[in-house]
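Novice: Return atomic coordinates for the entry below.
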Amino acid sequence: MITSTPATIEPEQRAVARLVGALYLVQMAAGVFGEVVARGQLIVRGDATRTAENIIAGERLFRLSIAGDLLTCIAVLVLTWGLYVLLRPVSPHLALLGAFFRLVELAVLAVATVNSLVVLRLLSAANPLKTFEPAQLHSLVSLAIAAQGLAMTVGFVFLGLGSAVFAYLLLKSRYVPKAIAALGIFGGLTLSIVTLAIMVFPDLRALGMTYMMPMGLYEVGLGLWLLIKGLPTPAPNES
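Specialist: Residues are numbered from 1 along each chain as shown. Have a look, this model is predicted:
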C-alpha cells in the first residue's frame, strides 16, 4: 500500500534524509575520481602496451582508483539503507524492492573491482604468468580492464531500476519537488532500458554517455535538495 506524505515524519527520517543527500554527492565524487580522474589518466583505449606501461609507472594512482571504487560501494551501501529507512513508511514492499535492486548492483560492482586487482597482479613481479610474452600479458591486462567495464554496464541496469523505484516513492511521498522525483524515474528507466538496448544493439554505443545525463542530474539535484532543505513539515490535516 502506498500513502501520501505521512502526517508524522519520524526524527530518524529527517536525520537520514540529510545523510542520504550527503551520500549522493560523496558517491558521485568518489566514482568520478576513480573512473575519470585516476584511471582516465592511465588507460589508453586501443593501446594495451601503453596502458600497461602507464599503470606500472602510475601504480599508486591506479591503487587510488581502486580505493575510490570501494569508497563508492561503501557510500552506496549506506545510501541504500538510508533510502529504505526514509521511504519505508510510504511503501515497505517497494522500498525493499528498490533496496534489492541497488544491492545487486553493489554486488556486481564489488566483483568488478576485483578486476583492477587482477591488473596489478598481472603487472607485478610476483605474477605467476611472468613467463608470458609482454604483448600477451598486456592483452590480459586489457581483458581485465574490459571485464571491469562490462561488469559496470551490468550494474547500471540494476542501478537504474532501483533508482526508478525509489524516485517513484519520492514522488508519491512528496518529500521532494515533483520535478526532481519525475527526473529520477525518467533517468533511472532510461539508464536501464538504453543499457539493455546497447547489449542487444552494440551500434547504440555511439550515444556515448548522453543517456546517463538525466540520472546524473537527478542524483546531484536530489542530493543537494535533501542535504540543504531536508524533509518538509507535513500539514496537520495530511494523513
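Novice: ok, the residue lying closest to residue 33 once chain neighbours are set aside - contacts?
Specialist: Nearest residue to residue 33 in three dimensions, chain neighbours excluded: residue 68, at 4.6 Å (C-beta to C-beta, 6 or more residues apart in numbering). From N, CA and C alone the C-beta is placed, and that goes for glycine too. For residue 68, the contact set (C-beta atoms under 8 Å, 6 or more residues apart in numbering) comprises 30, 31, 33, 34, 35, 38.
Novice: Give me the neighbour count for the last one.
Specialist: Other residues near residue 38 number 22, with proximity taken as other C-beta atoms under 10 Å.
Novice: Please tell me the pLDDT value assigned to it.
Specialist: We have a pLDDT of 83 for residue 38.
Novice: give me the element the closest residue to it other than its chain neighbours is part of.
Specialist: In this structure, residue 38 finds its nearest non-sequential neighbour in residue 65, 3.5 Å apart by C-beta to C-beta, 6+ apart. Here residue 65, judged by DSSP states H and E, is contained in helix 59-87.
Novice: Equivalent analysis for residue 233, please.
Specialist: Counting by DSSP H and E, no helix or strand carries residue 233.
Novice: Name the nearest residue to it, sequence neighbours excluded.
Specialist: Spatial nearest neighbour of residue 233, excluding adjacent residues (C-beta to C-beta, 6+ apart): residue 9 at 7.9 Å.
Novice: next one: residue 161
Specialist: Residue 161 sits nearest to residue 101 (C-beta to C-beta, 6+ apart), 4.6 Å away.
Novice: again with residue 88
Specialist: Nearest residue to residue 88, sequence neighbours excluded (C-beta to C-beta, 6+ apart): residue 95, at 4.6 Å.
Novice: can you tell me which residues contact the one you found?
Specialist: Listed by C-beta under 8 Å, 6+ apart, the contact partners of residue 95 are 83, 84, 87, 88, 165, 166, 169.
Novice: Among the residues you listed, which pair sits farthest apart?
Specialist: 88 and 165 (12.6 Å; C-beta to C-beta).
Novice: re the thing from before, mind pulling the model confidence for the residue nearest to residue 38?
Specialist: On the pLDDT scale, residue 65 gets 90.
Novice: What is the least confident helix or strand in the chain by mean pLDDT packed up against?
Specialist: Every helix and strand in the chain was compared by mean pLDDT, DSSP states H and E; the lowest is helix 39-42, with a mean of 85. If you count contacts as 3 or more C-beta pairs under 8 Å, 6 or more residues apart in numbering; DSSP states H and E, helix 39-42 packs onto helix 48-57, helix 59-87.
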